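A.B. asks: Starting from these lines, generate the structure:
(chains A and B)
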Amino acid sequence: MSTSHVLLGLLAGGPRHGYELKRSHDERLPQAKPLAFGQVYATLGRLERDGLVEQSGQDRDGGPDRTSYVITEAGRARLGEWLTEVEAPAPYVTSALFAKVVVSLLASGERTATDYLVAQRTAHITRLRELTAVKTDSAAAVGDVVAADYAIAHLDADLRWLQTTLLRLADLNEEMNP
Amino acid sequence: MNTLLQGTALHRAYGPTPALRGVDIEVTEGEIVAITGPSGCGKSTLLHCLAGIMRVDSGSVRYRDQDIGLWSESARSKLRRTEFGVLFQFGQLVPELTAGENVALPLLLGGAKRREARKTAEEWLDRFGVAELADKLPGAMSGGQQQRCAVARAMVTEPRALFADEPTGALDVLTGEQVLGEIVRVARERGMAVVLVTHEAQIAAYADREISLRDGALDPTGLGLRTHA
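C.D. replies: Numbers count the residues shown, from 1 in each chain, chains lettered A, B, ... in the order given. Below you'll find the model as predicted:
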């Protein structure tokens, strides 16, 4: 899963400093590994180097030096691309799928999330069909069939998740954007 | 490829409850099409209408460019016996007949000689891995064995189209997979079209193409969404 895109998504709502980004990341994506501060600042550094975010101010407020960052136009464009890109349907992509739905709702809205879920479902079904064709080939080795079974079972779980997430999308949106 | 079956603006209701609300569907020769959707979406009704088992209230079902809705019941019955094969979730074998007799039945009804019919029936039982059951009654077989016999019976006339309504729904995963895999291989070999009704993505993945229904209408997203205007 791409931490830089998630940070861009969190910045889409307005300027934030590193500590706020870490807190917000861990709260919004509770299944993901909590972000280390070092990782937050390293990622922000890379995003700044690539012109996707820029510094917007310093908040001293008696505590440690806190630099706020704001997303740039280029950053919004990159985020928009990521939100509409389907993930390669590998056996384990669920956390990326989940992150994309959450960031969609935060940064863009229900429509983007819906379009993404529909496109992702199509990609998953295409892959499911390819793997099933491997199994129905009468020349298939049992090893190939067993490997295909594994991937098929995981893709099928993703598909069920895509379907139910779509049904819960309006509620999730309300919870995240009250 | 040529169009084998074409349903246009199909409507069908059960009393006041609409089951199909203007469905368009086309199946080409040799194509495997899955019809998917949640319970009550109209997928079984669509299969029954396409197979000529049920009449539509309005719209037309054309088989090789002929409107079968205009045909007499006996002409439709002959079509089902010769050009179509039908398979349901539970085999629906005739309980008083042995597996061999069940499978031979469609051939005998079509006027085949008894010995010929019996021989062909045994070949199909063998293809589906149940040759040794030829002399057994359905009551003495497991559900999976009965379903394999039912598939053999649906295939024995080498139909142009097989209509299968949740054909593996009552089978364990491996048996279901073997049955479905064999149906697909036979269909590919002989250029037989298959219309496969299922609510499971894993089963639909055996098809070349998926058509989703929701509330009796086509659902292009497969997720029960109205498409964006």
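A.B. asks: Any residue of the strand or helix carrying A:R160 touching chain B?
C.D. replies: Counting by DSSP states H and E, the element that carries A:R160 is helix A:142-176. Yes - using Cβ under 8 Å from any Cβ of the partner chain, helix A:142-176 reaches chain B at A:152, A:156, A:159-160, A:162-163, A:166-167. Yep, even glycine has a C-beta here, placed from its N, CA and C like the rest.
A.B. asks: and residue 47, how many neighbours does it have?
C.D. replies: This is for chain A. 24 (other Cβ atoms under 10 Å in any protein chain shown).
A.B. asks: Switch to chain B, please.
C.D. replies: 21.
A.B. asks: what about it, which helix or strand?
C.D. replies: Under the criterion of DSSP H and E, B:L47 resides in helix B:43-50.
A.B. asks: Show me what that helix is packed up against.
C.D. replies: On a contact count with 3 or more Cβ pairs under 8 Å, 6 or more residues apart in numbering or on different chains; DSSP states H and E, helix B:43-50 meets strand B:3-14, strand B:17-28, strand B:32-36, strand B:161-165, strand B:193-197.
A.B. asks: Who are the packing partners of the helix or strand containing B:V61?
C.D. replies: Here B:V61, judged by DSSP H and E, is contained in strand B:58-63. Secondary-structure packing of strand B:58-63 (3+ Cβ pairs under 8 Å, 6+ apart): strand B:3-14.
A.B. asks: what pLDDT, on average, does the helix holding A:R160 get?
C.D. replies: The average pLDDT within helix A:142-176 is 90.
A.B. asks: Give me the buried positions along it.
C.D. replies: Buried residues in helix A:142-176, counted by 16 or more other Cβ atoms under 10 Å in any protein chain shown: A:145, A:148-149, A:151-152, A:154-156, A:158-159, A:162-163, A:165-166, A:169, A:173.
A.B. asks: related to what we said a few turns ago, could you redo the helices and strands packed on helix B:43-50 as CSV and give each row mean pLDDT and distance to chain A?
C.D. replies: CSV is the format used below for the helices and strands packed on helix B:43-50 (pLDDT from 0 to 100; distance: least, Cβ to the nearest Cβ, whole Å):
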stretch, mean pLDDT, distance to chain A
strand B:3-14, 96, 21
strand B:17-28, 95, 17
strand B:32-36, 96, 10
strand B:161-165, 96, 15
strand B:193-197, 97, 12
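A.B. asks: closest to A:V40 among the residues of helix A:142-176 next to chain B?
C.D. replies: The shortest gap between A:V40 and any of those belongs to A:L162, at 29.6 Å (Cβ to Cβ).
A.B. asks: Skipping adjacent residues, who's closest to B:P138 in space?
C.D. replies: Spatial nearest neighbour of B:P138, chain neighbours left out: B:L93 (4.3 Å); criterion: Cβ to Cβ, 6 or more residues apart in numbering or on different chains.
A.B. asks: burial count for A:Q120?
C.D. replies: By other Cβ under 10 Å, neighbour count at A:Q120 equals 23.
A.B. asks: same deal with B:V194?
C.D. replies: Neighbours of B:V194 under the rule other Cβ under 10 Å: 27.
A.B. asks: correct me, but it touches B:R160?
C.D. replies: No - between B:V194 and B:R160 there is no contact under Cβ atoms under 8 Å: 10.6 Å.
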